[in-house]
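Colleague: here is my input, please return the structure:
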Amino acid sequence: MAKRIFAFLLLISINLAAFSQQTTLNLPSIEPLFLEQEVTGVAENPAQTLTADEVFKLSLMFSECQLDSEEGQLCLEQFEGLKKKVSGADFMNLDFADRGRAVLKLLYQDYLKTYNFSQTKINVALQSGVYNCVSSALLYMALAKAAGLDVRGQKTSEHAFCTVYIPGSKAGQFQKIDVETTNPYGFNPGSKETIENEDKIQGYYIVPKKYYSNRQEVSDRVFTGLIAGNLCAAYIEQDNYEKAVPLGAARYELVRTEQSKPVTQVRRDFDILASNYVNIEAPDAQAFLEILDWFTGFIDRWGMTDYLQKNMDNGFNNFLVYCFDEKNYELAVLVYEKDRQYLTKNQDTKAADLITDILVSSRITDQPAEAQIEEIEVLLNEGILDAAQEKRVLVYLENAWLSILNVCMTERTYGTGYQKSCDALERLPDSSKIKRMQKSFYDNCIAIIHNNFAKQANDGYFDDARRVLEAGMQVFPDDKTLKADMATLNKMEKR
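Modeller: Numbering: from 1, shown residues only. Now for the predicted structure:
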């Protein structure tokens, strides 16, 4: 069986969309490609096991071969011919084990020819002879059922095969015989037997032992759906969600009332389809919104799961990233109010913060720091922010001030930097970053004043030294270093 695809695609946001722009994507249908009733004609079929016809017809539908199509009709005719053979006297007079072996021989004598890992469709296997483990196992299951055998599907993470239950001498006793359907020697693997008409057998596939680990016996419905599982995995690799999602929906719809670990895995595969789709790249925010709306529709239709919840949170965050890149605050708010019901509490908080970022960014991007401060102050005074938003906006205000102060530090205009840091702290008195910047400016200013004073005093220019100190003390009247320098100067003048 083809491996499931779990990849999440990274977003690359592109500035293209305006709020009013409309896009039209070919969104995949979230409805099943078909329903069991359409195949069997029965509204409710509570039977745990399916008939030979039901297995074959469902396998055709999962193979995307419509029953009323020309190919579908041809396959049904071929299957009817095979059923007549395996239900005839030559087969039915055999004991159960020999009958199960004979069904496998029949397939390899006249039909199955070439193994291909990816060829999972039962119609292709029947008509061309090219098969893999899934298509051959389902073809065998359908015919073995027609031959009156109790045959059950087995799956692992890498493989699919069948088991025939042979009734024992006592009620409830069974002998279980595995059937490796990928080669003509696969009935009860490991046993020795002679295959008739070996000259017609072109070759067969050897299955590695590791493919049999962690085997699970699954229901007939789960087993027929393996075809869809393989096709959906291939469609994901091709980014063909228009085919993958309806097919995955049909697979899940067929088994959703069952309670088993394999059904949980089917649901997980279905969720992966939708989640991969909501993580694809879109040209702009408006286009991605269509995908996001599709995803919430999927959740409404099929129910929320933990896996979908995680991807809903991620998808909504990705949508806001698009809005951030486009500075589209109005669209972000509109969709947030509409879709926040689908978000976890943690993601709701993150979304609200990012929307605030979009609002601020839409006003200050590409503006110099001084203009940013003015815009932010206007925003703070508009009265439209709640407490959490105001707190976040103040971070932008702090960053704008720090940008100005960093320029002063780089240019070594310490006096100007100190004065601006004082202005900044009047607005942001609790900012530890600005306080540290202010202290650095202060220390540098004092060091410059002291060094200028010392040079003049040491050269005997006491009047100039006093003017340096007095000018400095007008700005920093309480500084201990400058006061000490003034006392030293007074002593030097008295000598």
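
Colleague: what are the phi and psi angles of Glu217?
Modeller: Per-residue torsions, Glu217: phi -90, psi 130 (degrees, to the nearest 10).

Colleague: for it, which residues count as its bridge partners?
Modeller: Glu217 has these beta-bridge partners by DSSP bridges: Gln154.

Colleague: tell me which stretches of the stretch 51-200 of the chain form strands.
Modeller: In the stretch 51-200 of the chain, the strands defined using DSSP state E, counting those that start in this stretch lie at 114-115, 130-131, 150-155, 160-167, 174-179.

Colleague: contacts for stretch 355-362, please.
Modeller: Stretch 355-362 is contacted from outside by 320, 323-324, 327-329, 332-333, 336, 376, 379, 385, 388-389, 392-393, 396, using CB atoms under 8 Å, 6 or more residues apart in numbering. Placement of C-beta: from N, CA and C, glycine included.

Colleague: just the buried ones from these?
Modeller: 320, 323-324, 328-329, 332, 336, 376, 379, 385, 389, 392-393, 396 (16 or more other CB atoms under 10 Å).

Colleague: from those residues, which land in strands?
Modeller: Counting by DSSP state E, no part of those is found in strands.

Colleague: show me where pLDDT drops low in the stretch 101-250 of the chain?
Modeller: Scanning the stretch 101-250 of the chain for pLDDT under 70 picks out 169, 190-206.

Colleague: please redo it, this time with the cut-off set to 80
Modeller: Low-confidence segments of the stretch 101-250 of the chain, defined by pLDDT under 80: 168-172, 189-212.

Colleague: equivalent analysis for the stretch 351-495 of the chain, please.
Modeller: For the stretch 351-495 of the chain, the ranges with pLDDT under 80 are 494-495.

Colleague: re the thing from before, would you list the strands of the stretch 51-200 of the chain in CSV and tack on mean neighbour count?
Modeller: Shown next, in CSV, are the strands of the stretch 51-200 of the chain (neighbours: other CB atoms under 10 Å):
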stretch, mean neighbour count
strand 114-115, 16
strand 130-131, 22
strand 150-155, 21
strand 160-167, 21
strand 174-179, 16
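
Colleague: now distance to Tyr235 too, for those, in CSV please.
Modeller: Shown next, in CSV, are the strands of the stretch 51-200 of the chain (distance: least, CB to CB, whole Å):
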stretch, distance to Tyr235
strand 114-115, 22
strand 130-131, 19
strand 150-155, 20
strand 160-167, 19
strand 174-179, 29
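
Colleague: so which of those comes closest to Val39?
Modeller: Among the strands of the stretch 51-200 of the chain, the nearest to Val39 by CB to CB is strand 150-155 (17.6 Å).

Colleague: who are the packing partners of that closest one?
Modeller: Secondary-structure packing of strand 150-155 (3 or more CB pairs under 8 Å, 6 or more residues apart in numbering; DSSP states H and E): helix 133-146, strand 160-167, strand 174-179, strand 216-218, helix 220-224.

Colleague: roughly how far is the helix or strand containing Glu426 from the heart of the chain?
Modeller: Secondary structure assigned from DSSP states H and E places Glu426 in helix 414-427. The chain centroid and the centroid of helix 414-427 are separated by 48 Å, computed with CA atoms, centre = their mean, to the nearest Å.

Colleague: show me what it is packed up against.
Modeller: helix 387-411, helix 432-458.

Colleague: can you list the neighbours in contact with that helix?
Modeller: 397-398, 401, 404-405, 408-409, 431, 434-435, 437-438, 441-442, 444-445, 448, 475.

Colleague: what residues sit buried inside it?
Modeller: 414-415, 417-421, 424-425, 427.

Colleague: next: stretch 459-466.
Modeller: Buried, per 16+ other CB under 10 Å, within stretch 459-466: 465-466.

Colleague: then that stretch to CSV, C-alphas only?
Modeller: C-alpha atoms of stretch 459-466 as CSV (Å, rounded to 0.1, in the frame of the first residue of the first chain):
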residue,chain,number,x,y,z
ASP,A,459,46.2,73.1,31.9
GLY,A,460,45.5,75.9,34.4
TYR,A,461,42.4,77.3,32.5
PHE,A,462,40.3,77.5,35.6
ASP,A,463,37.7,79.9,34.2
ASP,A,464,37.1,77.6,31.2
ALA,A,465,37.0,74.6,33.5
ARG,A,466,34.3,76.3,35.6
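
Colleague: beta-bridge partners for the closest residue to Cys162 other than its chain neighbours, please?
Modeller: Of all residues not flanking Cys162 in the chain, Val179 sits nearest, at 4.3 Å (CB to CB, 6 or more residues apart in numbering). Beta bridges link Val179 to Cys162, Phe187 when assigned by DSSP bridges.

Colleague: that'll do, ta.
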